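Asks: Kindly generate the corresponding structure for this input.
(2 chains)
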Amino acid sequence: MAAFLLRRLVRGLVLVLLASSLAYLLAAYALRPRAELEGRTPRPPEAVIDAQLTRHNLNDRTPLADRFRVWATGVAHGSFGRTREGEPVDGELWRRLGVSARLLLPGTVLGCVLGVLLGAYAAIRHGGAADHAVTFLGYLLLAAPVFVLAVLLQTAAAEANDATGLRLLTWVGEPPGGGPLEAVRHAALPTATIALAQAALVGRYQRALMLDVLHADYVRTARARGLRRRDALLRHGLRVALVPMTAHAAATSGPVLFGGVCAERVFGRHGLGAWLVEAIARGDVHVAAAVTCLAACAVVLTGLAADVLSGILDPRVRAAC
Amino acid sequence: MLTGRAAAGLLLLGMIVLLVFAGPPASPWDWDRTDLTAFGEGPSARHWLGTTQSGRDVFALTLHAARRSLLIGLLVAVLSTGLAAVVGTLAGFLGGRLDRALMGGVDLMLVLPPFLVVAVLSPFLDANGRGWALVPLLAAFLWMATARSVRAMTVSLRDREFVMAARFLGVPARRVVLRHVVPHLASLLAVDVSVTVGTAIIAESGLSYLGFGVRPPDASLGTLLADAGSGAIASPVPFGFAASLLVLIVFAVSLLGDGLRDVLDPEFGPEAARP
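Replies: From the prediction side, this is the model:
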């Protein structure tokens, strides 16, 4: 298992390196940090603009290969370079990573758990009213992008605030401090939005997987040995049905990150997603490359976590490698 | 025979298409005209669903946007499935060095960061913000998984008797692929088109929402939702209309796709895996 994970880790590392290099090359080629400097009034002299851009390795008149070499050397020494204004990217990067993680992680984890439970429940009640309700709700949720879902929940929360006359929930920005209660008030809506979207992604697949094992021989054997239906289904059915789920859940990391970018916009968070959107609009090459590098790391790490999880759940995986 | 789900999806989609294409000619106002006497007004005889804060007709503008989103989604799906079919059959049928090169291309595409590529290149390629540059860009990131399934199916078909017979009779490879392999892939491809339409519409609206797809003064459902979202609590009509159209379109398309899969693909059928 350890050798297998090590191989996957090396492969992941290569993927991250490739993805970040491609991201840098694309951003450096297509983004125009020069445009903003040229647009200032009074327009700075050409030499000043060139000097300013060259100082931060952003000059599009330097050959792309040379800029890439400088950038790659920097990254190898643990620095993602400087923003267009000359601030170091790194400090801001880690601060914003915290903001994004606080926004995304609780909802994603909650959504996965919710999706597995609802999907399995719907499969067990196959054909019944609960199954139909869960399936229908899943279709609707899958059709609603995060920025629609978020506004619907915000509207509902505004109604609830008005009806009770209290400011129970709030949804813009991060809590300014003020204890756990304040944190919950701020986190409830974003977490609910992301959890619902994730539950829909996971739940539909989990239902199909659970349906496959519902009538499997080993579940029937467990019943014949005298286990209650509930225990047989949970310990022998769901456990098997969870193994392919880990890979599927890891494969949703792309949509989750994209949803996170939209969620930061709706909920007014200044996380990595918002930074990336700003950077692309403003032509901030190093920021775009650094955020994309972190996103690639997140995707690779999720895949590794899924491998570990399927190893824990499935003894055959452990035996095979 | 269509299942209930596919029929329901088709019916709903048909109704939306009818509304989207027949609605604007019937409405008394055009989507691209601004009414300088009505800013943020409620529904009236002149503006059936009121106007936006900048004086544009909500009904006509939203239907125009929905048409744009639908067309982009459909074109992306056809292009991506077509690409997957060509690459998958070529790689699977001819094998060898071409196969390795094409599958290497698939792996390379999987490494590229999709959001950055599309967000950077879309304004770069699309100066007037009408969103058509999104069609090749989104299609470029949606074909890989299907190409792999197509390749796998082609490899298994290549050694079946009827394909061998055609090849040994001297039928050229291109004809064998078109006459004997592609018909067997038809159901997979039909399902893939309808599934991809939904994905593409969601992706397009998300990118336009963030400002990287269709851009004002033109409109897609994403730009409308970005404009109307922050004011949705005070004036729910513009947001509600655009949001429900988007959700209903994707809902209908995914019902249709899953229904088609149940009908066409025995392996994915709802009852197939059980005795």
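Asks: Please make it C-alpha for all contacts and neighbour counts, starting now.
Replies: OK.
Asks: give me phi/psi at the residue nearest the centre of chain A?
Replies: Centroid-nearest residue in chain A: A:L257, 3.2 Å away (criterion: C-alpha atoms, centre = their mean). When read as degrees, to the nearest 10, the backbone of A:L257 gives phi -70, psi -40.
Asks: which residues touch it?
Replies: A:A295 (C-alpha atoms under 8 Å, 6 or more residues apart in numbering or on different chains).
Asks: And B:I233, by the same measure?
Replies: A:T155, A:A158.
Asks: Assess the claim that B:P136 and B:V76 are in contact.
Replies: Yes: the criterion here is C-alpha atoms under 8 Å, and B:P136 meets it with B:V76 at 6.8 Å.
Asks: which of the two has more neighbours?
Replies: Taking other C-alpha atoms under 10 Å in any protein chain shown, B:P136 and B:V76 do not tie; B:V76 has more neighbours (30 against 16).
Asks: Residue numbers of the stretch 51-200 of chain A in contact with chain B?
Replies: Residues of the stretch 51-200 of chain A lying close to chain B (C-alpha under 8 Å from any C-alpha of the partner chain) are A:Y139, A:L140, A:L142, A:A143, A:A144, A:P145, A:F147, A:V148, A:V151, A:T155, A:A158.
Asks: okay if I get those residues as a markdown table plus secondary structure?
Replies: As requested, these are exported to a markdown table (DSSP: H, G, I helix; E, B strand; the rest coil):
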| residue | secondary structure |
| --- | --- |
| A:Y139 | helix |
| A:L140 | helix |
| A:L142 | helix |
| A:A143 | helix |
| A:A144 | coil |
| A:P145 | coil |
| A:F147 | helix |
| A:V148 | helix |
| A:V151 | helix |
| A:T155 | helix |
| A:A158 | helix |
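Asks: which one of the residues you listed sits closest to B:G14?
Replies: A:A143 (17.2 Å; C-alpha to C-alpha).
Asks: Can you report how many residues neighbour the closest one?
Replies: With other C-alpha under 10 Å as criterion, A:A143 counts 27.
Asks: That one reaches B:L255, doesn't it?
Replies: No: with contacts counted by C-alpha under 8 Å, A:A143 stays clear of B:L255, the gap being 10.3 Å.
Asks: okay, and for the chain, where does confidence drop off?
Replies: No chain was given, so I picked chain A. A:167-168, A:171-178, A:320-321 (pLDDT under 70).
Asks: let's do chain B instead
Replies: If you take pLDDT under 70 as the line, chain B has these spans: B:1-2, B:38, B:40, B:45-47, B:49, B:55, B:265-275.
Asks: Give me the neighbour count for the residue lying closest to B:L264 once chain neighbours are set aside.
Replies: With C-alpha to C-alpha, 6 or more residues apart in numbering or on different chains as the criterion, B:L264 has its nearest non-adjacent residue at 5.5 Å, and that residue is B:S187. Other residues within reach of B:S187, judged by other C-alpha under 10 Å, total 16.
Asks: My guess is B:S187 contacts B:G259. True?
Replies: No: here B:S187 does not reach B:G259: they are 11.8 Å apart, not a contact under C-alpha under 8 Å.
Asks: what does chain B have sitting close to chain A?
Replies: Checking chain B against chain A by C-alpha under 8 Å from any C-alpha, the hits are B:111-113, B:115-117, B:119-121, B:124, B:198, B:202, B:206, B:209-210, B:225, B:229-230, B:232-233, B:243, B:246-248, B:250-251, B:254-255, B:273-275.
Asks: buried subset of those residues?
Replies: In terms of neighbour count (16 or more other C-alpha atoms under 10 Å in any protein chain shown), the buried residues within the residues of chain B next to chain A are B:111-113, B:115-117, B:119-121, B:198, B:202, B:206, B:209-210, B:225, B:229, B:232-233, B:243, B:246-248, B:250-251, B:254-255, B:273.
Asks: Which stretches in the stretch 101-250 of chain B count as helices?
Replies: B:114-125, B:134-140, B:144-158, B:161-168, B:173-176, B:182-210, B:221-229, B:236-264 (DSSP state H, counting those that start in this stretch).
Asks: where exactly do the helices run in the stretch 51-200 of chain A?
Replies: According to DSSP H, counting those that start in this stretch, the helices that the stretch 51-200 of chain A contains are A:64-76, A:89-124, A:129-143, A:146-164, A:179-214.
Asks: Quick check: buried residues in the second one?
Replies: Meaning helix A:89-124. Along helix A:89-124, these residues count as buried under the neighbour rule (16+ other C-alpha under 10 Å): A:89-90, A:93, A:96-97, A:99-100, A:102-104, A:106-124.
Asks: For chain B, see how far away A:G39 is.
Replies: 18 Å (C-alpha to the nearest C-alpha, to the nearest Å).
Asks: Residues contacting the strand or helix carrying A:V240, please?
Replies: According to DSSP states H and E, A:V240 maps onto helix A:239-251. Residues outside helix A:239-251 that contact it (C-alpha under 8 Å, 6+ apart): A:112, A:202, A:205-206, A:209-210, A:213, A:299, A:302-303, A:306-307, A:309-310, A:313-314.
Asks: Now flag whichever of these is closest to chain B.
Replies: A:V213 (8.7 Å; C-alpha to the nearest C-alpha).
Asks: The closest one against A:L234, yeah?
Replies: No: assessed by C-alpha under 8 Å, A:V213 is found out of contact with A:L234, at 10.8 Å.
Asks: Show me which of these two is the more surrounded one.
Replies: Neighbours were tallied for A:V213 and for A:L234 using other C-alpha under 10 Å; the higher tally belongs to A:V213 (21 against 15).
Asks: which one is that one nearest to, not counting chain neighbours?
Replies: A:G237 (5.8 Å).
Asks: Contact partners for the one you found?
Replies: So A:G237 contacts A:M210, A:V213, A:L214, A:V219 (C-alpha under 8 Å, 6+ apart).
Asks: Show me which of the residues you listed is closest to B:L142.
Replies: Distances from B:L142 to these, taken by C-alpha to C-alpha, are shortest for A:M210, at 27.5 Å.
Asks: From A:V113, how far off is that closest one?
Replies: Per C-alpha to C-alpha, to the nearest Å, A:M210 is found 15 Å from A:V113.
Asks: Could you do B:F21 as well?
Replies: B:F21 is 42 Å from A:V113, by C-alpha to C-alpha.
Asks: and chain A, what are its domains?
Replies: A:1-84+A:283-321, A:93-282 (automatic domain parsing).
Asks: Deepest in the core, which of those is it.
Replies: domain A:93-282 (a mean of 19; mean count of other C-alpha atoms under 10 Å in any protein chain shown).
Asks: and that domain, how far out from the chain's middle?
Replies: Computed by C-alpha atoms, centre = their mean, to the nearest Å, the chain-centroid distance of domain A:93-282 equals 12 Å.
Asks: can you check stretch A:46-60 too?
Replies: Counting by C-alpha atoms, centre = their mean, stretch A:46-60 comes out at 35 Å from the chain centroid.
Asks: who touches it?
Replies: A:28-29, A:32-34, A:37-38, A:62, A:67, A:70-71, A:81-84, A:86, A:285.
Asks: again, but for stretch B:129-142
Replies: B:72-73, B:75-77, B:79-80, B:109-110, B:114, B:118, B:122-123, B:125-126, B:196, B:200, B:203-204, B:213-216, B:218-219.
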